[in-house]
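# sequence plus predicted model, see below.
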Amino acid sequence: MAHFHRLSIPESHKNMQKLPELIDTHAHLDFPEFAGSIPAAIERAAQAGVSVIVTIGVDIKTSRNAAQIARSYDRIYASAGIHPHASFSMDAGDLRELEKIAADRRVVAIGEIGLDYFRDLQPRPIQRECMKQQIELAVKIAKPVVFHIRDAWEDFFRIVPEFAPSLPPSVMHCFSGDWSIARRCLDMGFYLSIPGVVTFPKAQFLQDVVRRAPLDRLLVETDSPYLAPVPYRGKTNEPAYLLHTAGKIAQCRKEPFEKVAAHTTQNARTVFEI
């Protein structure tokens, strides 16, 4: 059973009458850690200023679950896709099923999809083909993609640029590259989604990206239940903790928290049309 901790409000935000609005662009509310506690997690998020959560599918089953959760709660939206760890040789029927899930008005993106050569749980040719077919689906239905790319930038930049002009502006989930990679993603019109990792002392590459990237191209995410930010590092993450990530971005950029919150929230509304 997951153990959620009492919300710690950063000192810099404690005197605010009302916390600025944030949008968690990437959580997994259907994962076992949230079993039986989704309403409570949503309420804690609301108390921390997180007004909207996008819950993400990683295969057909979890994409269906994400869509169902989004239909059940006003402030939740969903994304549907096949994660690289779940990649398989998709046929026309599989793509039709994904398209059917994605047709729901509460499903705002295709994802998370992509390439993961760090864990390499599926053969790389299958990962690449699975990603390409889902990008083509996103182009067809005019919804953005949520990309998961880990240790696979060379193949990502070999495959994706030809699709980028036809895709709605899309999202680099849990961005983990350096500034040179970030700049190439930005040049394709994509947004960089920043996770709680940015709060880790050794995350200098990510902190550098956050300082240099245009604020109108940054998003914030938890990737709950993973990657809890400081001061919850190593614990079960949840959307309420998003304010620590946004606070670190503000600190890195030497900009007001309210400004970072306002821009990242508007960016999320723009990308996902919510």
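Here it is on my side, so go on. Residues are numbered from 1 along each chain as shown.

# contacts and neighbour counts: CA atoms only from here.
Fine.

# the stretch 151-274 of the chain: helices as residue ranges?
Using DSSP state H, counting those that start in this stretch, the helices found in the stretch 151-274 of the chain span residues 153-159, 179-187, 204-212, 242-253, 257-272.

# for the stretch 1-150 of the chain, same thing?
Along the stretch 1-150 of the chain, counting by DSSP H, counting those that start in this stretch, helices occupy 38-47, 60-72, 92-102, 124-141.

# on that earlier part again, so of the helices of the stretch 151-274 of the chain, which one's packed in deepest?
helix 242-253 (a mean of 22; mean count of other Cα atoms under 10 Å).

# mind listing residues that contact it?
10, 22, 24, 48-50, 194-196, 198-199, 207, 210-211, 220-222, 229-230, 256-257, 260-261 (Cα atoms under 8 Å, 6 or more residues apart in numbering).

# likewise for stretch 102-120?
Residues from elsewhere that reach stretch 102-120 (Cα under 8 Å, 6+ apart): 56-58, 67, 70-71, 77-85, 101, 124, 127-128, 131, 134-135, 138, 143-152, 156, 173, 272-273.

# how close does residue 157 get to residue 144?
Residue 157 sits 17 Å away from residue 144, going by Cα to Cα, to the nearest Å.

# count residues in the vicinity of residue 121, would you?
Neighbour count of residue 121, defined by other Cα atoms under 10 Å: 13.

# same question for residue 66.
For residue 66, the neighbour count with other Cα under 10 Å is 30.

# for residue 136, same thing?
14.

# ok, and the closest non-adjacent residue to it?
Spatial nearest neighbour of residue 136, chain neighbours left out: residue 163 (7.9 Å); criterion: Cα to Cα, 6 or more residues apart in numbering.

# check contacts around the nearest residue to residue 21 once chain neighbours are set aside.
Excluding its sequence neighbours, the residue lying closest to residue 21 (Cα to Cα, 6+ apart) is residue 49, at 4.9 Å. Counting by Cα under 8 Å, 6+ apart, residue 49 touches 18, 19, 20, 21, 22, 240, 243.

# quick one: the last one and residue 116, what's the gap?
Counting by Cα to Cα, the separation of residue 243 from residue 116 is 28 Å.
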